[in-house]
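Engineer: Predicted model and sequence below, questions to follow.
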Amino acid sequence: MSLDLVIRNGTVVTATNSFAADVGVRDGVIVEIADRIDDPAASQVDATFQLLLPGGVDVHTHMDSLSFGMQSADDYRTGTIAAACGGTTTIVDFAHQQPGQGMLETIEAWHGRAEGKAAIDYGFHAIVADPTDAAITELSQLPALGVTSFKVFLAYKDGPMVDDAQFIRILATARDAGAQVMVHAENGEMADYLQRQHVAAGKLAPKFHASSRPPRIEAEATARAIALAEVIGTPLYIVHVSCEESLEEVIRGRERGVDVVAETCTHYLYTSGEDLERPDFEAAKYVFTPPPRDRRNHQVLWDALARGDLEIVSSDHSAWSFATQKSRGRDNFTRIPNGAPGIEERMTMVWQGVNDEHITPNQFVALTATNPARRFGLYPRKGTIAIGSDADIVVWNPAAERAIRQESLHHGVDYTVYEGEWVEGGPRTVILRGEVIVDDGDFTGAPGAGRFIHRAAVERQTAVS
Ligand code: MN
Ligand code: MN
């Protein structure tokens with residue numbers, strides 16, 4: 001039987017291996033990997049001098065999201081086109097419960113946002129922001145719908161913050177349902193107290209975002225979340241580890257056998273507290289949470305990624321317009337919507353860690369595709385190049401050089417935190433289930449071609465009694 005597509009003369013890079021091969025695709029699936037595949041009837045993509053990487057898997061994005069009383073600047077159309085152009089072919093996005101909304105209703109609402117718009121494949125995590133008895137009970141039904149991760153915030157008092165009693169009930173419900181719990185770990189009472197102290201003292205500039213959310217309050221909540229998940233016996237995922245203090249707590253938990261996996265995000269590897277000192281309110285572009293930290297943490301985080309203490313790099317793509325949304329906090333940093341874009345920049349920026357010899361190409365694949373696919377029930381369909389996997393493949397040009405510029409990005413927001421960064425290596429051709437969706441930097445796919453991926457239950461990585 002003839003193939004649909006052959007990708008020729010590339011070097012396949014997986015989480016464990018690199019080898020020269022041709023890759024054959026039929027019906028959107030990888031069906032052949034061999035030294036040489038001759039099938040003149042199939043479409044051909046030449047990958048001479050290129051690497052073949054599994055399509056990126058970004059498990060921390062906020063598309064079409066209502067937060068801080070505002071609608072985010074990216075919907076599923078713009079956000080997933082940006083993802084594709086950056087080499088990401090699957091996202092797991094947050095379905096964000098609004099006050100009073102049920103969890104089933106929340107998932108249904110997110111299907112409505114994605115359908116007809118998503119240009120890449122997608123799954124959902126459920127954010128439990130209003131943990132009523134009814135909402136917690138409904139969580140049990142989500143794994144049957146392919147939603148096997150529930151997210152809570154230990155911060156944002158008077159917003160989506162849950163208290164320990166609610167958190168414990170959600171942990172127990174997740175354990176019994178075969179789901180994992182993701183946690184935004186900061187002590188929300190202390191963040192609220194410190195914000196009020198800053199405001200009362202007239203400390204209103206963006207730079208005070210950092211001093212109102214110090215590393216220790218991230219570490220405290222990280223340690224508490226790990227301890228509570230350990231006692232209940234629920235697999236736990238710590239989002240956006242930003243600094244050494246919270247990393248130490250992740251390492252301590254893992255050393256005593258807790259099933260906890262942690263990510264960092266691209267911007268914690270490149271931005272720092274100095275960016276919050278930028279003049280003319282430019283600092284507001286760097287108001288995300290946890291805040292950018294002291295520069296010494298860059299090396300700490302790269303080392304943790306190389307050792308495997310941090311297993312995933314996500315974007316935490318959260319797009320707020322600088323001109324019209326960040327500006328609401330011009331006179332008071334507590335009103336600046338928290339978040340930064342980064343879905344298109346993630347793969348390229350993490351690859352700079354290969355150029356800088358922080359990580360190997362195989363570790364790059366593990367951090368950006370294989371590990372997130374494994375932890376979130378997508379593997380081996382997603383996250384690797386193997387017979388039987390979806391043909392989600394990035395033809396990566398390690399020699400391409402350019403400066404990152406806002407005007408060449410595809411997201412729906414008006415800035416990038418990497419403006420002017422000189423980068424080497426990036427996606428040339430992006431293939432989703434055998435279809436070329438990005439060709440030499442141009443999006444050639446179709447909004448609506450992305451499919452919802454029904455995710456499996458979490459793979460337990462360590463035994464927890
Ligand atoms: Mn967060
Ligand atoms: Mn987030």
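Structural biologist: Perfect, thanks for sending it. Ligands and ions are numbered 1, 2, ... in the order given.

Engineer: where along the stretch 101-250 of the chain do the strands fall?
Structural biologist: Counting by DSSP state E, counting those that start in this stretch, the stretch 101-250 of the chain forms strands over residues 121-127, 149-153, 180-184, 236-238, given from the N-terminal end onward.

Engineer: Now do the longest one against strand 149-153, angle only.
Structural biologist: Spelled out, that is strand 121-127. Put simply, strand 121-127 runs at 50 degrees to strand 149-153, going by axes from the mean of the first three to the mean of the last three CA atoms, to 10 degrees.

Engineer: List the buried residues for strand 121-127?
Structural biologist: Residues 121-127 are the ones in strand 121-127 that count as buried (16 or more other CB atoms under 10 Å). In this view, the C-beta of every residue, glycine as well, is placed from N, C-alpha and C.

Engineer: Let me have those residues in a markdown table, adding distance to T324 and pLDDT as columns.
Structural biologist: Formatted as a markdown table, the entries for the buried residues of strand 121-127 read as follows, by distance: CB to CB, whole Å; pLDDT from 0 to 100:
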| residue | distance to T324 | pLDDT |
| --- | --- | --- |
| D121 | 31 | 99 |
| Y122 | 27 | 98 |
| G123 | 30 | 98 |
| F124 | 28 | 98 |
| H125 | 28 | 98 |
| A126 | 29 | 98 |
| I127 | 24 | 98 |
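
Engineer: Now distance to H60 too, for the strands of the stretch 101-250 of the chain, in JSON lines please.
Structural biologist: Rendered in JSON lines, the data for the strands of the stretch 101-250 of the chain read as follows (distance: least, CB to CB, whole Å):
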{"stretch": "strand 121-127", "distance to H60": "9"}
{"stretch": "strand 149-153", "distance to H60": "9"}
{"stretch": "strand 180-184", "distance to H60": "8"}
{"stretch": "strand 236-238", "distance to H60": "10"}
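
Engineer: which SSE is P427 in?
Structural biologist: P427 belongs to strand 422-432 when assigned by DSSP states H and E.

Engineer: With E344 instead?
Structural biologist: Per DSSP H and E: nothing holds E344, as it lies in no helix or strand.

Engineer: and N371, what are its phi and psi?
Structural biologist: Phi and psi for N371, reported as degrees, to the nearest 10, are phi -60, psi -50.

Engineer: Can I get the strand holding P427 as CSV, trimmed to CA atoms?
Structural biologist: What follows is strand 422-432 as a C-alpha-only set of coordinates in CSV (Å, rounded to 0.1, in the frame of the first residue of the first chain):
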residue,chain,number,x,y,z
TRP,A,422,19.1,36.6,18.5
VAL,A,423,18.3,32.9,18.1
GLU,A,424,19.8,30.0,16.2
GLY,A,425,17.6,27.0,15.2
GLY,A,426,13.9,26.9,14.6
PRO,A,427,11.0,25.2,12.9
ARG,A,428,11.1,25.1,9.1
THR,A,429,8.2,22.8,8.3
VAL,A,430,5.5,21.6,10.8
ILE,A,431,3.5,18.5,10.1
LEU,A,432,0.2,17.7,12.0
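
Engineer: for the record, mean pLDDT for it?
Structural biologist: Mean per-residue pLDDT for strand 422-432: 98.

Engineer: could you give the angle of the helix or strand following that strand to strand 422-432?
Structural biologist: Using DSSP H and E, the helix or strand that follows strand 422-432 in sequence is strand 435-439. With the same axes, to 10 degrees as the criterion, the two stretches strand 435-439 and strand 422-432 enclose an angle of 160 degrees.

Engineer: what pairs with the strand holding P427, and is each one parallel or antiparallel?
Structural biologist: The strands beside strand 422-432 in its sheet (DSSP bridges) come out as strand 393-403 (antiparallel), strand 435-439 (antiparallel).

Engineer: Would you indicate which residues of the last one are buried?
Structural biologist: It refers to strand 435-439. Using 16+ other CB under 10 Å as the burial criterion, the residues of strand 435-439 that qualify are 435-438.

Engineer: got it, and the longest one?
Structural biologist: Neighbour-count burial for strand 393-403 flags 393-398 (criterion: 16+ other CB under 10 Å).

Engineer: Out of those, flag the one nearest to V258.
Structural biologist: Within the buried residues of strand 393-403, proximity to V258 (CB to CB) peaks at V394, which comes in at 33.5 Å.

Engineer: Let me know the distance separating I136 from V260.
Structural biologist: 22 Å (CB to CB, to the nearest Å).

Engineer: residue contacts, R455?
Structural biologist: 92, 123, 146-149, 376-378 (CB atoms under 8 Å, 6 or more residues apart in numbering).

Engineer: The buried residues of strand 435-439 into TSV, with extra columns for distance to R216 and pLDDT?
Structural biologist: As requested, these are arranged in TSV below (distance: CB to CB, whole Å; pLDDT from 0 to 100):
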residue	distance to R216	pLDDT
E435	48	98
V436	48	98
I437	44	98
V438	42	98
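
Engineer: Closest one to Q299 out of these, please.
Structural biologist: The shortest gap between Q299 and any of those belongs to V438, at 32.5 Å (CB to CB).

Engineer: you'd agree that closest one is up against V430?
Structural biologist: Yes. At 3.7 Å, V438 counts as touching V430 under the criterion of CB atoms under 8 Å.

Engineer: for the buried residues of strand 435-439, which one is nearest A114?
Structural biologist: I437 (16.0 Å).

Engineer: how near is that closest one to A118?
Structural biologist: Distance check for I437 against A118: by CB to CB, it reads 11 Å.

Engineer: Parallel or antiparallel, which strands does the helix or strand bottoming out on mean pLDDT in the chain pair with?
Structural biologist: Taking mean pLDDT, DSSP states H and E as the measure, the chain has strand 66-67 as its least confident helix or strand, at a mean of 88. Note on strand 66-67: by DSSP bridges, its sheet partners are strand 70-71 (antiparallel).

Engineer: Now do the strand it pairs with: everything it contacts.
Structural biologist: Residues lying outside strand 70-71 but in contact with it, judged by CB under 8 Å, 6+ apart, are 64-65, 320, 325, 328, 337.

Engineer: Turn those into TSV, columns for distance to S242.
Structural biologist: Formatted as TSV, those follow (distance: CB to CB, whole Å):
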residue	distance to S242
D64	25
S65	21
W320	19
Q325	22
R328	24
P337	18
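
Engineer: quick one: which of those has the most company?
Structural biologist: Ranked by neighbour count (other CB atoms under 10 Å), the contacts of strand 70-71 have W320 at the top, with 32 neighbours.

Engineer: Could you check what's spatially nearest to that one, not counting adjacent residues?
Structural biologist: Nearest residue to W320, sequence neighbours excluded (CB to CB, 6 or more residues apart in numbering): P337, at 4.2 Å.

Engineer: other SSEs contacting the longest helix along the chain?
Structural biologist: Ranked by residue count under DSSP state H, the longest helix found in the chain is helix 215-232. Under the contact criterion of 3 or more CB pairs under 8 Å, 6 or more residues apart in numbering; DSSP states H and E, helix 215-232 touches helix 164-177, strand 180-184, helix 188-200, strand 236-238, helix 244-255.
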